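Participant: give the three-dimensional model of this entry:
(chains A and B)
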Protein chains: 2
Amino acid sequence: MTSDPLVVFTPSGKRGHFPVGTPILTAARQLGVDLDSVCGGRGICSKCQITPSYGEFPKHGVTVKEDALSEWNAVEQRYDEKRGLKPGRRLGCQATVQGDVVIDVPPESQVHRQVVRKAATARAITMDPATRLYFVVVEEPDMHSPTGDLERLERALRQQWDIEAVRADLSLLSKLQPTLRKGKWEVTVAVHKDHTDRVAQIVEIWPGLHEGGLYGLAIDLGSTTIAAHLTDLETGEVKASSGLMNPQIRFGEDLMSRVSYAMMNPGGDKEMTQAVREAINDLATAIAAEAGIDPELIVETVFVCNPVMHHLLLGLDPVELGQAPFALATSESLSLPAREMDLTAINPRAQVYILPCIAGHVGADCAAVALSEEPGKSEDLVLIVDVGTNAEILLGNTSRVLACSSPTGPAFEGAQISSGQRAAPGAIERIEIDPVTKEPRFRVIGSDKWSDEEGFEADIATTGITGICGSGIIEAVAEMRMAGLLDESGLIGSAEQTGTSRCIAEGRTNAYLIHDASAEGGPRITVTQGDIRAIQLAKSALYAGARLLMDEMGVDKVDRIVLAGAFGAHISTKHAMVLGMIPDAPLDKVSSAGNAAGTGARIALCNIASRSEIERVVREITKVETAIEPKFQEHFVAANAIPHKTDPFPELAKVVTLPSPSFNTGGDDENSGRRRRRRA
Amino acid sequence: MTSDPLVVFTPSGKRGHFPVGTPILTAARQLGVDLDSVCGGRGICSKCQITPSYGEFPKHGVTVKEDALSEWNAVEQRYDEKRGLKPGRRLGCQATVQGDVVIDVPPESQVHRQVVRKAATARAITMDPATRLYFVVVEEPDMHSPTGDLERLERALRQQWDIEAVRADLSLLSKLQPTLRKGKWEVTVAVHKDHTDRVAQIVEIWPGLHEGGLYGLAIDLGSTTIAAHLTDLETGEVKASSGLMNPQIRFGEDLMSRVSYAMMNPGGDKEMTQAVREAINDLATAIAAEAGIDPELIVETVFVCNPVMHHLLLGLDPVELGQAPFALATSESLSLPAREMDLTAINPRAQVYILPCIAGHVGADCAAVALSEEPGKSEDLVLIVDVGTNAEILLGNTSRVLACSSPTGPAFEGAQISSGQRAAPGAIERIEIDPVTKEPRFRVIGSDKWSDEEGFEADIATTGITGICGSGIIEAVAEMRMAGLLDESGLIGSAEQTGTSRCIAEGRTNAYLIHDASAEGGPRITVTQGDIRAIQLAKSALYAGARLLMDEMGVDKVDRIVLAGAFGAHISTKHAMVLGMIPDAPLDKVSSAGNAAGTGARIALCNIASRSEIERVVREITKVETAIEPKFQEHFVAANAIPHKTDPFPELAKVVTLPSPSFNTGGDDENSGRRRRRRA
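Facilitator: The predicted structure is shown next:
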């Protein structure tokens, strides 16, 4: 039995005997305890802070005496004076073992610390990004044994950090020699390790110890908006989130109109590629400024997007995605230098990772949702619906996961709606219609009051009431149905049929007037018959996609539903269910995942193993192509109606038990002339 | 014992039994016989041509009957009509085994055919370039099993050619989909395999079978000239060779003046990098035009160059190479995309390979000489001297190889010589001085006659006599010594001392007049005392370098000498030895290797295994740094004289036995004020 002192680490519980004089960092490394260090134990990075505990620890069978560690030394003193050490903290590379001791590794000293997501599901991300900082001391050149500076840096990384096979491109090489000399042969390098091959890339080099941090961007590139999260690659903290409109909108509102633009205009795909790349550069510049960091510290970017955005981002003509068999140029994940995509606003050697696409219509955004929500790890059968301009749908459990995409179009985002607008101040976002008086009350972005509450007018004095956003139009249609203003087929009744002068004739159909400021030169906000039809088409597509997956799985109900994207953030679950956007389920089995695609991007940014995981998961997902399934058309047609529901939620009881009207105008409903926009 | 027919291949002698009906190509592959095929046996590329032999073959123990192969088929008939097959030839993928047969694989059907160099040593290069063509049939996309076009191409390469882990950059990806469809899912791809890792890169893709060939450039980037050889990567044939002046000359004649330019002028290194890259692009464009090929078919480039050129080519500031300890930014070989070096004139996905540097003063050009001349495989102790603006020197045998570089300056190339010029029409390239009359006769580039021969005047009527090139000045100095016009210290005698009015006073020293056209407004071509000193400095440096290596090796003579570069091509060996440029050796032990650095580049271009070989060899070479060896200075000073030689060659006997004069003018010789240009 050894007489060396016992060292016990918490919270891991790892323990071992070490000779007197062993630095705590060394003991931690030998036991595989997760204790950070950038400088390799040289007492300059302070990442290895630990907290010794003293006294009796019956649980560990140890008594820790006051002199269990070496005395506070000059290095710790200097660090404490310069930056401050929390009381009780020591530097793990300086404090050495003198007797039995219990050492706590606080979360911020763990390399693979866990970051708890703010979303409801509270899933933790283990920090293990592809790019990390390493401090190294490099041998000086020797004429008698001539080797290049790069080769000596490589040797240092191999010997001091076990990093093999590093590469450096010419731009890094060109700053290598001055940086080594400026740092007096001590430098910090940021090394990117690819998750598939053994090659490591030196992304950046700084003289001495770099303490400016290291950042990554998780980008959710949508058809309508581009959202970016600037993430600290050491702590996982989101330093800033920002978004902007996808400038490709000027080439076409929805995906297929952009594909058409590329088909009709030679070089049109190149125009769209350039537009989106410029926007991403602008966004990166803006978000770095917002967080107050140098954009050159952004060394990684992860993208999630649908297949058309994917191709246009990469500079690939999306024409094949517009026609059967919807062949992707490449479906697997991509790791490439950011400069190959003209992303010049960030570090010139930054690396990009793009999640794999699942199929020609089911993109990396859906893969990101799968990474975030993990349907394949669910014991229950879970339906995950992510609504953007297209809807991505996943259905599965531990035995099998299915995926499809459904062409909902942009109606759920307020586009192609007569008074529609995007969610911005002035937009109606919530609405209630009194089932008796048929009068509306609503809320507008920019005020937390309802339109009939005191102070509302003052709140919106500057913005006015400008239109209806996506969540507003969904609520409006559902409320109109519940207030008896719509029949099951979706027809709006006339003033006579409904008994309210808010139902006004517009050509051969009717519209419902929500707000009229035309007397003051303001907008007249209505829900037209065309708006109802657009929402019906969109919700039918969404519902039909979910049903198709349920057919494939051989089930007619699901255990739970996860709503992601705009749903969780803005769209009211109860109104969505009234409309028949999603299959019925008990309300306590419906949860919101927030921006699951964006979360998936953040996970891939912060944890390199998740990249291999999602690549494996995507290979195993069963892809269902809605465009070629006759059953999709059947479900689509069947889902067009807005049925008189049985009581899905108790609180809706008072409205859904009202008699369901049926309006038969004899007028030609424009619906018959409309077909789904997408796919020949 | 099997009753299947026996197939014997020549020249390999490989043999085996195969079932009736086996295609000859299949039999060849199973036996590992080197039989080419780009289309994979589909009867369209015609690379697998073979010649069956009929009759008795006692040596192989076989009798081959007339019906030993299947009958001439429609595929062969069509090919013969379209392109013509040589009599007796069959397509190996069409002809099948019917009985015992002897099959000859002609050289042009061998994948690893050997290309015999034209140089005297007749070393063969086995063709095995890094980039090769592969014809593949790719599966069409299937909506029910969606995969990207790239993934199906990858699968085809894996299944049809055993090529794993291919990569494609975005520019290749962007042409993938249209090319696959244009070729109706049959395409030819050029795949580059790196010699160190397992990654293969798709460099180019063509619809159907590509028959336009594939080319590479071997570039010898010298301080003064850039020479390129456009090489067919299938046959090894050099389709065109071309060269131009290095435009960096305007920033400094020799290496150290370019390093000084970079040190003195902020951004000066970038100017020089841009200049040389533009020149290489111009050269590539010109050489492709000369050979009549599309420059996009140039998919590989190999560079050899000295360390300063290496850094300036790569965009690395060469400042560290101008001062001790002469640290290279990187010394190992480099494999990188050509576009990273702005080489835009060739295929946008072309790959560059740069041989490793040996030390801070001993570059990739010296490594290329080692690859070409293989001192490490020599039983004899061989001294290899490559003279350019700097001289690279190798000494070695199977036990050990040493290398150094010697700062000769550009005098051997005619630079820094009063009447010097580069080797171009009008330049005096050879000279003889009558030891009795002291009168010169000479030859001029552009005429094959001596100046005292009939027709000489007519030959040079257009160019005139414009100056002396490098080989001319070396011969002039050696001839002046042999004619008694110079003493051992290198002083030119006066007209009185030498007895010829061609020795004319110029200030305090004398000059020798070779040609005077000043009466007609032409040049007056002399060899001045300054010219003699420049040549003495250069030859002393060269000799001292060789002696230093011999000291390190512990020998005072070598078994043989190989002269490379300008030496073999232009400089007369006997004059070089009279001058004392190289150590004495029997004339039959002195050979010329031509442009050995250029040959090394061609070897690395044509044979991928040679890249690993030279990398290993360079690691094992002992580097000798002349700048820090006190003995180098000793040898340098000692070598300054032009001694009165004992008879090195019989044919020189008549001159070297003349009495050796000694001129003592008392005037101050500028030599005392001159120092070696290079190194502080």
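Participant: CA only for contacts and neighbour counts going forward, please
Facilitator: Will do.
Participant: how far off centre is stretch A:88-103?
Facilitator: Centre-to-centre, stretch A:88-103 and its host chain are 40 Å apart (Cα atoms, centre = their mean, to the nearest Å).
Participant: name the residue of the stretch 151-300 of chain A that lies nearest to chain B.
Facilitator: Per Cα to the nearest Cα, the residue of the stretch 151-300 of chain A with the smallest distance to chain B is A:Ser174, at 4.8 Å.
Participant: tally of neighbours for that residue?
Facilitator: For A:Ser174, the neighbour count with other Cα atoms under 10 Å in any protein chain shown is 18.
Participant: so it versus B:Phe251, what's the distance?
Facilitator: Distance, A:Ser174 to B:Phe251, using Cα to Cα, to the nearest Å: 20 Å.
Participant: before we move on, what about A:Ser405?
Facilitator: As judged by Cα to Cα, A:Ser405 and B:Phe251 stand 62 Å apart.
Participant: which of these two has more neighbours?
Facilitator: Each of A:Ser405 and B:Phe251 has its neighbours counted (other Cα under 10 Å); A:Ser405 has more, 30 against 19.
Participant: return the residues of chain A in contact with chain B.
Facilitator: A:141-151, A:170, A:173-174, A:176-177, A:314-317, A:320, A:324-332, A:340, A:358-360, A:623-625 (Cα under 8 Å from any Cα of the partner chain).
Participant: re earlier: just the pLDDT for the residue of the stretch 151-300 of chain A closest to chain B.
Facilitator: At A:Ser174, the model reports a pLDDT of 96.
Participant: hang on, isn't it packed against B:Leu313?
Facilitator: No. Using Cα atoms under 8 Å as the test, A:Ser174 is too far from B:Leu313 to be in contact (11.5 Å).
Participant: element containing the residue nearest to the spatial centre of chain A?
Facilitator: When Cα atoms, centre = their mean is applied to chain A, the residue found nearest the centroid is A:Gly598 (0.5 Å). Secondary-structure assignment from DSSP states H and E places A:Gly598 in helix A:596-606.
Participant: list the buried residues of that helix.
Facilitator: Counting neighbours by 16 or more other Cα atoms under 10 Å in any protein chain shown, one finds that the buried residues in helix A:596-606 are A:Ala596, A:Ala597, A:Gly598, A:Thr599, A:Gly600, A:Ala601, A:Arg602, A:Ile603, A:Ala604, A:Leu605, A:Cys606.
Participant: ditto for stretch A:86-105
Facilitator: So stretch A:86-105, judged by 16+ other Cα under 10 Å, has buried residues A:89-105.
Participant: list the contacts for the residue of the stretch 501-650 of chain A found nearest chain B?
Facilitator: Proximity of the stretch 501-650 of chain A to chain B (Cα to the nearest Cα) peaks at A:Glu625, 6.8 Å away. Residues near A:Glu625 by Cα atoms under 8 Å, 6 or more residues apart in numbering or on different chains: A:His361, A:Cys404, A:Ser405, B:Met143, B:His144.
Participant: do you know how far the residue nearest to the centre of chain A is from A:Ser242?
Facilitator: Taking Cα to Cα, one finds A:Gly598 at 12 Å from A:Ser242.
Participant: identify the contacts common to the two.
Facilitator: What both A:Gly598 and A:Ser242 touch, as defined by Cα under 8 Å, 6+ apart, is the set A:Ala227.
Participant: that's a helix at A:Asp4, yeah?
Facilitator: No. Secondary structure assignment (DSSP: H, G, I helix; E, B strand; the rest coil) places A:Asp4 in coil, not in a helix.
Participant: for stretch A:160-178, which positions count as buried?
Facilitator: A:160, A:163, A:166-168, A:171-178.
Participant: am I right that the residue of the stretch 151-300 of chain A closest to chain B sits in a helix?
Facilitator: Yes. Membership of A:Ser174 in a helix is supported by three-state DSSP.
Participant: disregarding flanking residues, what is the spatial nearest neighbour of it?
Facilitator: Nearest non-adjacent residue to A:Ser174, counting by Cα to Cα, 6 or more residues apart in numbering or on different chains: B:Leu316, 4.8 Å away.
Participant: give me the pLDDT value at the residue nearest to the centre of chain A.
Facilitator: 91.
Participant: where's the closest residue in space to it that isn't next to it in sequence, which helix or strand?
Facilitator: Once flanking residues are discounted, A:Gly598 sits nearest to A:Asp220: 5.4 Å by Cα to Cα, 6+ apart. In the assignment (DSSP H and E), A:Asp220 maps to strand A:215-221.
Participant: and the gap between A:Ile571 and A:Gly545?
Facilitator: With distances taken as Cα to Cα, A:Ile571 is found 19 Å from A:Gly545.
Participant: and those two? Which one has more around it.
Facilitator: Using other Cα under 10 Å as the criterion, A:Ile571 and A:Gly545 rank with A:Gly545 on top: 32 against 23.
Participant: before we move on, back to that, quick one: residues contacting the residue nearest to the centre of chain A.
Facilitator: Per Cα under 8 Å, 6+ apart, neighbours of A:Gly598: A:Ala218, A:Ile219, A:Asp220, A:Ala227, A:Val304, A:Ala368.
Participant: then A:Val352?
Facilitator: A:Glu300, A:Thr301, A:Val302, A:Phe303, A:Leu334, A:Ser335, A:Leu336, A:Pro337, A:Ala338.
Participant: cool, and A:Lys82?
Facilitator: So A:Lys82 contacts nothing (Cα under 8 Å, 6+ apart).
Participant: quick one, phi/psi of it?
Facilitator: Main-chain torsions, A:Lys82, degrees, to the nearest 10: phi -80, psi -50.
Participant: do the same with the one 4 residues further on
Facilitator: Per-residue torsions, A:Lys86: phi -60, psi 150 (degrees, to the nearest 10).
Participant: in the stretch 551-680 of chain A, which spans are helices?
Facilitator: Along the stretch 551-680 of chain A, the stretches classed as helices by DSSP state H, counting those that start in this stretch are A:566-569, A:573-579, A:596-606, A:609-620, A:630-638, A:653-656.
Participant: pLDDT score for the residue sitting furthest away from the middle of chain A?
Facilitator: Each residue of chain A has a distance to the centre, and by Cα atoms, centre = their mean the biggest one is for A:His144: 54.3 Å. A:His144 is assigned 82 on the pLDDT scale.
Participant: which secondary structure element contains it?
Facilitator: Counting by DSSP H and E, A:His144 is part of no helix or strand.
Participant: thought it was touching B:Val624?
Facilitator: Yes. Between A:His144 and B:Val624 there is a contact at 7.4 Å, judged by Cα under 8 Å.
Participant: so A:Gly84: helix, strand or coil?
Facilitator: Quick answer, by three-state DSSP: A:Gly84 is coil.
Participant: any idea how far it is from A:Leu209?
Facilitator: Counting by Cα to Cα - A:Gly84 and A:Leu209 are separated by 18 Å.
Participant: from the contacts of A:Val352, which land in helices?
Facilitator: Judged by DSSP state H, the contacts of A:Val352 include no members of helices.
Participant: any idea which of those residues is closest to chain B?
Facilitator: Distances from chain B to those, taken by Cα to the nearest Cα, are shortest for A:Leu336, at 8.1 Å.
Participant: list the contacts for the residue in the stretch 251-400 of chain A that chain B sits nearest to?
Facilitator: Residue nearest to chain B within the stretch 251-400 of chain A (Cα to the nearest Cα): A:Thr330, separated by 4.0 Å. Contacts of A:Thr330 were listed using Cα under 8 Å, 6+ apart, and they are B:Thr147, B:Gly148, B:Asp149, B:Leu150, B:Glu151, B:Leu173.
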